[in-house]
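**Student:** have a look; sequence and predicted model below, questions after that.
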Amino acid sequence: MSLVVSQSKVPEKPVKGSRRRRLAVWSLVVSGALLVLVSTVSVWIRDMALDSDEWASTSSQLLQSEDVRNVLSVYIVDQAYTASDAEARLEESLPERLKPLAGPLSAQLRGVAYEGVNRALSRPRVQELWRSANRAANERLVALLEGDTERLQISGGAVVLNLDQLVADVTGQIGAGQGAAEALQGRVEPIVILKSDQLSTAQSIVKLLKALSFWPLLVGLLFWAGAVYLAEGRRRRALRSIALSLVIIGLLLLVVRRIVGNAVVDNLVETESVRAAVHDVWTVMTSLLAQSAWAGIIVGLVAMLGIWASGAGRRATATRRWLAPFFRDRPLLVHGTLAVVLLVILAWGPTGSPRRFVSVVIVSALAFLGLEILRRQAVREFPDAVGHYDLQWPRRRVAGGGASPGRVESLERLAALHERGALTDEEYEAEKTLLAT
C-alpha cells in the first residue's frame, strides 16, 4: 500500500515561489489533519451511541470482565433482595425463636448470592439476555433521538435499560425458586439512560455528531488535495507530511485515550471497589477509537514507505531497480497481492459503519493508485532490468559445479546490457554478485 508520486532520478528542486505558498501548503496539511481528527472522534462517539449492533456487541464484551461482573452482580442481588423483600420473607419462614436470626442469615445468603450471580453472568443464556436488553434500550434511544417522541411517553418519560427478565433468570439459576423469580417480574428498578428533560439536548448533540462525522473528513481530504496541488516541486514532501500527520493523529488518540481513562478512574470514581470495573468499561468503550488510531498509524507508515521508495535516494533507487522486473512482467500479480492483503485486513477488522466503509474505500483506492504510480516509475526508469524472481530457489548448481541454465541466461543478458551501455560497470558487477549468491 503506497501513496506515491512519479519521480525521476533527479532530486526535487523547489519551484520558485513565495514563502506565502509554502505557508499555505503547511496550513492546509495541518488544517486537514485537525479536521480528520475531529471526524474520527465524532464517528467513534456516534457509532457507540447510535449503532445498536455495535452497542450490543460492546455490552457483551463488558461481561467478559470479571470486575464488571462483580459490580453488576452486586446491583442484581441488591435489586433482587429489595424487590422480593428477602429478609422479611425469611423471617416469616423461620420459627419464632429463630426469627432474630433472619437478618444475619439474610446477609450470609446475600454473600453467597453475589458469587452465584457472578458465575451465572458468565453463562451464554444470561449474556444473551444482557445483550438483548442493551440492544432494546439502544434501539429505543436511537428512535427517540431521531424524533420518535411518542415512545418516550409510553416508557414513562425515560429511556431505560430494563433488567427485569435478566434478574429473574439469574435468580432462578442460583436456586431461589420459581416463585421468587416470578415475584421479581416488574419490580426491578431499571437503569435510566435518558430522561425526558434531557431529550432536546441529546437530539441536538446527535445532529452535531452526524455533521462532524462526515463533513470534516470531506473538507480535510480536500485540504490535503489542495496542499499537494499547491506544493509544485515539493509534492513528495507534502505527501510525506500528510502521511506523517496520520501517524501523529493515531499516536495522539492513543495517548489521549490513556490519559483521559486514567483521569476518569483516578479523579471521578470515588468508590475504590468499582475503580477496576470503570477502567475495564473505559477500555472496552474506547476500543473502536483505538482501532481507528492504529489504522491511521499503519496507513501513515505504509504511505511513508511508498513515498520513500519513489525518492531519488541511492537505496530507494536500488529498490526500484530490484522491483522493476517484477513490476514490468507481472503487473496483475502485483495488484492482486495488494488486493489479497486488503481483503485479509477487512476480514480481520470489519468496516462496521458506513463512515468506516467509506474510509476503507478511499484508502484502498489510494493504495492501488500509489502502487501503480510506483510500478510505472520503476519500469520507466529501468526498462531493461534483469529479473531474479523466476530463478530457482534455492539456486541449484548443475552437475560438475556449473551454473544452472537460468543463471547462465541471466549472465548472458547482463553482459549484453553492459556492452550496450545500459548498465554501468558498478551496476554490472552488482548484478553479477546478486546472481552468484
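**Tutor:** Sure thing, it's come through. Quick caveat: nothing in here was measured; it's all calculated off a predicted structure.
**Student:** please make it C-alpha for all contacts and neighbour counts, starting now.
**Tutor:** Will do.
**Student:** report the separation between the nearest residue to Q64 once chain neighbours are set aside and L62.
**Tutor:** Nearest in space to Q64, with sequence neighbours left out and distances taken as Cα to Cα, 6 or more residues apart in numbering, is S122 at 7.4 Å. For S122, the distance to L62 equals 11 Å [Cα to Cα, to the nearest Å].
**Student:** who has more neighbours, the two?
**Tutor:** L62 (21 against 15; other Cα atoms under 10 Å).
**Student:** got a list of what the more buried one touches?
**Tutor:** L62 makes contacts with 68, 280-281, 284, as judged by Cα atoms under 8 Å, 6 or more residues apart in numbering.
**Student:** how would you label D384: helix, strand or coil?
**Tutor:** With DSSP: H, G, I helix; E, B strand; the rest coil as the basis, D384 sits in coil.
**Student:** circling back: now, which of the contacts of L62 lie within helices?
**Tutor:** Judged by DSSP state H, helices contain the following of the contacts of L62: 68, 280-281, 284.
**Student:** as CSV, these with neighbour count and distance to V264 would be great.
**Tutor:** CSV is the format used below for the ones in helices among the contacts of L62 (neighbours: other Cα atoms under 10 Å; distance: Cα to Cα, whole Å):
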residue, neighbour count, distance to V264
V68, 20, 16
D280, 21, 12
V281, 21, 11
V284, 18, 14
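**Student:** what is the nearest of these to H418?
**Tutor:** In terms of Cα to Cα, no member of those lies closer to H418 than V284, at 61.6 Å.
**Student:** next one: that closest one from V278, what distance?
**Tutor:** Distance from V284 to V278, by Cα to Cα: 10 Å.
**Student:** what does A367 give?
**Tutor:** A367 is 39 Å from V278, where distance means Cα to Cα.
**Student:** what about those two, which has more around it?
**Tutor:** Between A367 and V278, counted using other Cα under 10 Å, A367 has the larger neighbour count: 24 against 18.
**Student:** which SSE is the more buried one in?
**Tutor:** Take DSSP states H and E as the rule and A367 turns out to sit in helix 354-381.
**Student:** now that helix: average pLDDT?
**Tutor:** Taken as a whole, helix 354-381 has a mean pLDDT of 85.
**Student:** output the lowest mean pLDDT helix or strand found in the chain.
**Tutor:** When each helix and strand of the chain is scored by mean pLDDT, DSSP states H and E, helix 150-154 comes last, with a mean of 46.
**Student:** any stretches of the stretch 51-200 of the chain with poor pLDDT?
**Tutor:** For the stretch 51-200 of the chain, the stretches flagged by pLDDT under 70 are 79-110, 147-200.
**Student:** tell me the pLDDT of I248.
**Tutor:** 96.
**Student:** I'd guess it is in a helix, am I close?
**Tutor:** Yes - assessed with three-state DSSP, I248 lies in a helix.
**Student:** helix or strand for the nearest residue to A415 once chain neighbours are set aside, which one?
**Tutor:** Of all residues not flanking A415 in the chain, Y428 sits nearest, at 7.8 Å (Cα to Cα, 6+ apart). Element membership for Y428, per DSSP H and E: helix 425-436.
**Student:** pull the CA atoms of that helix into PDB?
**Tutor:** Presented in PDB, the C-alpha positions along helix 425-436 are these (Å, rounded to 0.1, in the frame of the first residue of the first chain):
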ATOM      1  CA  ASP A 425      30.400  -1.100 -14.600                       C
ATOM      2  CA  GLU A 426      29.300  -0.800 -11.000                       C
ATOM      3  CA  GLU A 427      25.800  -1.900 -11.800                       C
ATOM      4  CA  TYR A 428      27.000  -4.800 -13.900                       C
ATOM      5  CA  GLU A 429      29.300  -6.100 -11.100                       C
ATOM      6  CA  ALA A 430      26.500  -5.600  -8.500                       C
ATOM      7  CA  GLU A 431      24.100  -7.700 -10.600                       C
ATOM      8  CA  LYS A 432      26.700 -10.400 -11.100                       C
ATOM      9  CA  THR A 433      27.200 -10.500  -7.400                       C
ATOM     10  CA  LEU A 434      23.500 -11.000  -6.800                       C
ATOM     11  CA  LEU A 435      23.400 -13.900  -9.300                       C
ATOM     12  CA  ALA A 436      26.400 -15.500  -7.700                       C
END
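**Student:** that helix packs against which elements?
**Tutor:** If you count contacts as 3 or more Cα pairs under 8 Å, 6 or more residues apart in numbering; DSSP states H and E, helix 425-436 packs onto helix 405-420.
**Student:** quick one: mean pLDDT over the helix it packs on.
**Tutor:** Averaging pLDDT along helix 405-420 yields 68.
**Student:** pull the contacting residues for V265.
**Tutor:** V265 sits next to 275, 278-279 when contact means Cα under 8 Å, 6+ apart.
**Student:** again with S42
**Tutor:** Applying Cα under 8 Å, 6+ apart, the residues near S42 are 209-210, 212-213.
**Student:** among these, which lie within helices?
**Tutor:** Per DSSP H, the contacts of S42 map to helices at 209-210, 212-213.
**Student:** mind putting the ones in helices among the contacts of L62 in a markdown table, distance to R375 included?
**Tutor:** As requested, these are exported to a markdown table (distance: Cα to Cα, whole Å):
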| residue | distance to R375 |
| --- | --- |
| V68 | 52 |
| D280 | 46 |
| V281 | 46 |
| V284 | 41 |
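**Student:** out of these, who's nearest I362?
**Tutor:** Checking the ones in helices among the contacts of L62 against I362 by Cα to Cα gives V284 as the nearest, at 27.3 Å.
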